[in-house]
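Q: Provided below are the primary sequence and the corresponding predicted coordinates.
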Amino acid sequence: MDKYESIKLNKDFRYLYARGKSYVSPHIVVYFRKNKLDHCRLGITSGKKIGKAVKRNRARRLIRVAFRTLLPALDGCYDMVIVARTRCVYASSADVTKDLKKCFIQAGILKDENNH
């Protein structure tokens, strides 16, 4: 499962904020809920608190790269919203990937890594 689509509708974002489980790390906040599709759906937000457009776009780009890296290891299909926090702008790609992996492990949605 290496394919995903973007969440674009406000109602989908609101649904995940209200009913999804959330996990917090220094760089990101992840809201997710299992879906009944054959692929994942991802929404990324970065508020104006982060900075101007260049910084917000950088934060979203880092999150997208981290998600693509971990997508093959996901156990199932989920709807996710990942919110960039202020520290995300100054983080490296490896930091954001590490934080996202930590959130996925806490949530129990990564395939078992002890067998590898």
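A: Arrived safely.
Q: for the biggest helix by length in the chain, buried residues please.
A: Ordering each helix of the chain by length in residues (DSSP state H) puts helix 53-70 first. Judged by neighbour count using 16 or more other CB atoms under 10 Å, the buried positions of helix 53-70 are K55, R56, R58, A59, R60, L62, I63, R64, A66, F67, L70. In this view, the C-beta of every residue, glycine as well, is placed from N, C-alpha and C.
Q: wait, doesn't the last one sit right on I105?
A: Right, the one you point to is L70. No - with contact defined as CB atoms under 8 Å, L70 does not count as touching I105 (10.1 Å).
Q: C40 versus the nearest residue to H39 once chain neighbours are set aside, what's the distance?
A: Here the nearest residue to H39 in space, its sequence neighbours aside, is K3; by CB to CB, 6 or more residues apart in numbering that works out to 4.9 Å. Distance, K3 to C40, using CB to CB, to the nearest Å: 8 Å.
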